[in-house]
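In: what's the 3D shape of this:
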Amino acid sequence: MGSRKFFVRKIIRDRFPPSAPTRLQQIKEEEEMQLVEKLIYYSVLLATVFLGPKLLGIPNNITTMFYGGTCMIFGMAYSFYYMFKKLKESDKDE
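Out: Residues are numbered from 1 along each chain as shown. Down below sits the predicted model:
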């Protein structure tokens, strides 16, 4: 009887290892990914709004160029930060 209990536990342990990500972690990662996607989308949108006229040759003042460039830089910087953070976590897991 004892060996059967051990065998069942071994099957459960093999099928669901403790290092497997829980559903809560997966939901959290999906929410973070959606947040980053929104951030990138809005930063690119703002950069397009502010830098678009300049790229088309329409006269544009310095402040709107500054705002557009700032939005683009912060969006790209945060996306790179997020990618490197994910790479570090994946390296740590291995």
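
In: lowest-pLDDT helix or strand in the chain?
Out: Scoring the helices and strands of the chain by mean pLDDT, DSSP states H and E places helix 2-15 at the bottom, with a mean of 67.

In: give me the buried stretch members for the next helix or strand after that one, please.
Out: Sequence order places helix 23-56 as the next helix or strand after helix 2-15, per DSSP states H and E. For helix 23-56, burial by neighbour count (16 or more other Cβ atoms under 10 Å) applies to Val36, Ser43, Leu46, Ala47, Phe50, Leu51, Pro53, Lys54. For glycine as for every other residue, the C-beta is placed from the backbone atoms N, C-alpha and C.

In: identify the residues contacting Tyr41.
Out: Shown in contact with Tyr41 (Cβ atoms under 8 Å, 6 or more residues apart in numbering): no residues.

In: change it to 10 Å
Out: The contact partners of Tyr41, by Cβ atoms under 10 Å, 6 or more residues apart in numbering, come to Gly75.

In: pick out the most distant pair among the buried residues of helix 23-56.
Out: Using Cβ to Cβ, the two most remote members of these are Val36 and Pro53, lying 27.7 Å apart.

In: elements contacting the helix or strand hosting Lys85?
Out: Lys85 is part of helix 62-93 when elements are defined by DSSP H and E. Counting contacts by 3 or more Cβ pairs under 10 Å, 6 or more residues apart in numbering; DSSP states H and E, helix 62-93 is packed against helix 23-56.

In: which intervals of this structure have sub-threshold pLDDT?
Out: Along the chain, segments meeting pLDDT under 70 span 1-7, 13-21, 54, 56-64, 92-94.

In: mind running it again at 80?
Out: Low-confidence segments of the chain (pLDDT under 80): 1-26, 40, 43-72, 74-76, 79, 83, 86-94.

In: what is the neighbour count of Tyr67?
Out: Neighbour count of Tyr67, defined by other Cβ atoms under 10 Å: 15.

In: distance of the closest residue in space to it that isn't next to it in sequence relative to Tyr78?
Out: Sequence neighbours aside, Phe50 is the residue nearest to Tyr67 in space, at 5.0 Å (criterion: Cβ to Cβ, 6 or more residues apart in numbering). Counting by Cβ to Cβ, to the nearest Å, the separation of Phe50 from Tyr78 is 18 Å.
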